[in-house]
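Asks: The following comprises the amino acid sequence and a computationally predicted model.
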Amino acid sequence: MAEKVKRTYDEFFVLGWVVGIGCLLDLMANMGDPFEILWFCSATALLLSVGLFRKNTIIITMVFLMAVPAQFFWIADFILQNFGVGLGRTALLSTSGPFVYWTSLLLHVLLIPVSTYGVWKLGFNARAFWPSLGYGWGLLILSYFLTAPVLNHNCVFFSCDGMDPGGGYQVYFMRSLLTWSAVFILYFTVMRVIFVYKAILDDRRNG
């Protein structure tokens, strides 16, 4: 029986459901916003769920490459917020009720470790570079043209930690696109070097 369970158990199938359910719970918690799915974490969680179900290394690598640059400041601010010195990015979570708080936290916490595990086990796929860049640009462009500045989806109108300036959105948006692209390219380069080195070490061990 133990051998049968071991044969039928699929860790990526289970992780796919965990990430997918985490995303659905977050969408339920924010049903008042019809464009909630455009937020990076919501859309990317669904993408990662599909990638895990299919064991698609391009999709999983896409999420791995985008999650750290996109979420680093959110996670840092969340930690600082719990010590009373947050920058304001996650301040509203503490006043939004336990359901919104915990579902949002769950969604943000899942992406980085799950995608990292997927890449570590299935491999880093460098072909994810252009799909990742296109996906990131697509989310930012849709957020800019389909949502209102007051909600500031994906921080395309003004800083996530700042106040609505009431104008100058176009200049800020273009600067955001260029900044995000530069950070992503740098992160991709570093990760590619790391995983190429990992592959060399693995070959030496197995050789």
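Replies: That came through, no problem. Numbers count the residues shown, from 1 in each chain.
Asks: Tell me where the model's unsure across this structure.
Replies: Within the chain, the stretches with pLDDT under 70 are 1-9, 77, 79, 81-102, 207.
Asks: Just give me the residue closest to the centre of it.
Replies: residue 67 (3.6 Å; CA atoms, centre = their mean).
Asks: got a list of what it touches?
Replies: 44, 111-112, 115 (CB atoms under 8 Å, 6 or more residues apart in numbering). For every residue, glycine as well, the C-beta is placed using N, CA and C.
Asks: Over to residue 36?
Replies: Counting by CB under 8 Å, 6+ apart, residue 36 has contacts 26-27, 30, 42.
Asks: Highest neighbour count among these?
Replies: residue 26 (24 neighbours; other CB atoms under 10 Å).
Asks: Can you give the distance from whichever strand or helix holds that one to the centre of its chain?
Replies: Assigned by DSSP states H and E, residue 26 belongs to helix 11-29. Relative to the mean C-alpha coordinate of its chain, helix 11-29 is positioned 13 Å out (CA atoms, centre = their mean, to the nearest Å).
Asks: for that helix, packing partners?
Replies: helix 40-54, helix 98-122 (3 or more CB pairs under 8 Å, 6 or more residues apart in numbering; DSSP states H and E).
Asks: For the residue nearest to the centre of the chain, which non-adjacent residue is spatially closest?
Replies: residue 111 (4.4 Å; CB to CB, 6 or more residues apart in numbering).
Asks: Do I have it right that that neighbour meets residue 42?
Replies: No: counting by CB atoms under 8 Å, residue 111 stays clear of residue 42, with 10.5 Å between them.
Asks: Can you give me the neighbour number for residue 205?
Replies: Around residue 205 there are 7 residues (other CB under 10 Å).
Asks: Check which helix or strand it maps to.
Replies: Secondary structure (DSSP H and E) places residue 205 in helix 169-206.
Asks: Give the buried residues for that helix.
Replies: 169, 172-173, 176-177, 180, 184, 187-188, 191, 195 (16 or more other CB atoms under 10 Å).
Asks: Most widely separated two among the residues you listed?
Replies: 169 and 195 (37.5 Å; CB to CB).
Asks: quick one, what contacts residue 195?
Replies: 119, 123-124.
Asks: can we see that at 6 Å?
Replies: Residue 195 sits next to residue 124 when contact means CB atoms under 6 Å, 6 or more residues apart in numbering.
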